[in-house]
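Engineer: Kindly generate the corresponding structure for this input.
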Amino acid sequence: MIMKSYFYVFVLLITSSFSLYAQNQMEELMKEGIAYHDEGKYDKAIEAYKKMLDLDPRSTTGHYEIAMSYMYNGNYDLAIKHSQIAIDQGGRLLVPAVVVKASSLSNLNRVDEAIALLEDAVENLNADVMVYYNLAIAYWKQNKIDQAEMALIEGIHDNPMHASSHYMLAIIQADKGKRTEAMLSGYFFLLLETHTTRTVKMEQLVKNLYTTGVTETEGSTKKKKSVNMTLDRERMASPFATVEMGLSLMAAHAFSEKNTKKGDAFYSNTTRFMGLVSEVKRPEEQVEDDIAMNFYVPFFGELYERNYTDVFCNYISQMKPGGNRRWIDKNIDKVRIFEQWVVDKSRALIGIELD
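Structural biologist: Residues are numbered from 1 along each chain as shown. Sure thing, here's the model as predicted:
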């Protein structure tokens, strides 16, 4: 009887040791796969995840991670297959797996299926910013611009620090002729993403929006030029009428001012724009989906009132050639205070409880 008990203990120890070894192997392979994925080496990441699934064919994490790498590698069919397994198994990776599957479907031009999947996630799951962002992309592909705009706004309410949502929202609003709103979204994006190709594109978009409706034409002589200013009647009836007028006057002045220092224009225009925004009167009754009035206007209004425009302008220009990285380094304490204020203010406006 005693020998039998020892035998059971021995078997239990062997089993436990094997399980611990397998678990350690799984963790190491996952770390390896994630490292390869982050480096853009998706084939090697997939190899690591395959080894994970050899050890545990039911690993939800393994199926989700390999689905991600297959998606980034352009193998959308396998991404759909593995993300569906993760979806079926549920748990904490359910919503991320839905996003991977929907994105893969969309990339295969199966946009209707992607939309149905994401709309179901919004209706029945705890949808996050990535669900709304991918839903916006799918709507945009079908030219459902208003739905795309609303999905982005919902996503920002989930996570106001998601740069891509502000970026896409600015593009959509600019296309819809909502100049001030597009500039507000664009400036917030520049605050979150300071050193990518998208940063350069967004800065150029904002600069172009400053001169919307203002043109310069040759006069009767080459030396004489005239500045023409066209105001959109619909925009002048909006809550941003004073901002729109101010922007057009700024652009007209810049065209007519021969001695404008081009290097300082974006900085000075930004400061003036923030001043105009700070004077916008918010309606007494808030409209829930009015992201401009509920989020951007109070954010940039307070930024101006706190005299943060100096640090803001330097912050969004820090990585440009000839930019202000040196200023950032010299004023690092001020910058850190500003960064914390940005996070706290953004979360407070959205209604996320502060830690």
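
Engineer: now the stretch 101-250 of the chain, which segments are flagged as low pLDDT?
Structural biologist: 214, 216-232, 235, 237 (pLDDT under 70).

Engineer: and if we set it to 80?
Structural biologist: Residue ranges of the stretch 101-250 of the chain with pLDDT under 80: 213-237.

Engineer: Next SSE downstream of the host helix or strand of A97?
Structural biologist: Using DSSP states H and E, A97 sits in helix 94-107. Following helix 94-107 in sequence order, the next helix or strand is helix 111-124 (DSSP H and E).

Engineer: chain center to that next one: distance?
Structural biologist: Helix 111-124 sits 20 Å away from the centroid of its parent chain (Cα atoms, centre = their mean, to the nearest Å).

Engineer: Tell me the helix or strand right after that helix.
Structural biologist: helix 129-141.

Engineer: Name the residues of whichever helix or strand comes after that next one that are buried.
Structural biologist: Going down the chain from helix 129-141, the next helix or strand is helix 145-158, by DSSP H and E. Residues of helix 145-158 classed as buried: Q147, A148, E149, M150, A151, L152, I153, E154, G155, I156, H157, D158 (neighbour count, 16 or more other Cβ atoms under 10 Å). To be clear about C-beta, it is placed using only N, CA and C from the backbone, and glycine gets the same treatment.

Engineer: Tell me the one of the residues you listed nearest K334?
Structural biologist: Using Cβ to Cβ, I156 comes nearest to K334 of the buried residues of helix 145-158, at 26.8 Å.

Engineer: Now for the residue lying closest to that closest one once chain neighbours are set aside: which residues touch it?
Structural biologist: Excluding the flanking residues, the one nearest I156 by Cβ to Cβ, 6 or more residues apart in numbering is S165, at 5.2 Å. Contact analysis of S165 by Cβ atoms under 8 Å, 6 or more residues apart in numbering lists V129, Y132, Y133, A136, L152, G155, I156, N159.

Engineer: For those, work out which two are farthest apart.
Structural biologist: Farthest-apart pair in the contacts of S165 is A136 and N159; separation 13.6 Å (Cβ to Cβ).

Engineer: my guess is I46 meets Y70, correct?
Structural biologist: Yes - using Cβ atoms under 8 Å, I46 is in contact with Y70, at 6.7 Å.

Engineer: mind giving me the domain ranges of the protein?
Structural biologist: According to automatic domain parsing, the chain comprises the domains 25-142, 160-355.

Engineer: Out of those domains, which is the most enclosed?
Structural biologist: Of all the domains of the chain, domain 25-142 has the most neighbours on average by mean count of other Cβ atoms under 10 Å, namely a mean of 19.

Engineer: That one: end-to-end distance?
Structural biologist: Length of domain 25-142, first residue to last, Cα to Cα, to the nearest Å: 44 Å.

Engineer: Figure out the helix or strand that V335 lives in.
Structural biologist: Counting by DSSP H and E, the element that carries V335 is helix 332-350.

Engineer: Return the alpha-carbon coordinates of the helix or strand hosting E181 using CSV.
Structural biologist: Element membership for E181, per DSSP H and E: helix 179-192. C-alpha atoms of helix 179-192 as CSV (Å, rounded to 0.1, in the frame of the first residue of the first chain):
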residue,chain,number,x,y,z
ARG,A,179,-12.7,72.9,-41.7
THR,A,180,-12.5,73.8,-38.0
GLU,A,181,-13.5,70.3,-36.8
ALA,A,182,-10.9,68.8,-39.1
MET,A,183,-8.2,71.1,-37.8
LEU,A,184,-9.1,70.3,-34.2
SER,A,185,-8.9,66.5,-34.9
GLY,A,186,-5.7,67.0,-36.9
TYR,A,187,-4.0,69.0,-34.1
PHE,A,188,-4.9,66.4,-31.6
PHE,A,189,-3.4,63.7,-33.8
LEU,A,190,-0.2,65.8,-34.1
LEU,A,191,-0.1,65.8,-30.3
LEU,A,192,-0.2,62.0,-30.1
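
Engineer: Just name whatever secondary elements it is in contact with.
Structural biologist: Counting contacts by 3 or more Cβ pairs under 8 Å, 6 or more residues apart in numbering; DSSP states H and E, helix 179-192 is packed against helix 163-175, helix 197-210, helix 241-256, helix 262-278, helix 297-305, helix 309-316.

Engineer: Let me know the angle separating that helix from helix 309-316.
Structural biologist: Inter-element angle recorded for helix 179-192 and helix 309-316: 70 degrees (by axes from the mean of the first three to the mean of the last three Cα atoms, to 10 degrees).

Engineer: mind checking how far helix 179-192 is from the chain centre?
Structural biologist: Centroid displacement of helix 179-192 relative to its chain, using Cα atoms, centre = their mean, is 11 Å.

Engineer: ok, back up a step: contacts for the helix holding A97, please.
Structural biologist: By Cβ under 8 Å, 6+ apart, the surrounding residues in contact with helix 94-107 are 63-64, 67-68, 70-71, 74, 76-77, 79-80, 83-84, 86-87, 111, 113-114, 117-118, 121, 125-128, 130-131, 134-135, 137-138, 141.

Engineer: again, only using 6 Å
Structural biologist: Residues outside helix 94-107 that contact it (Cβ atoms under 6 Å, 6 or more residues apart in numbering) are 64, 67-68, 71, 76, 79-80, 83, 86-87, 113-114, 117-118, 121, 125, 130-131, 134, 138.
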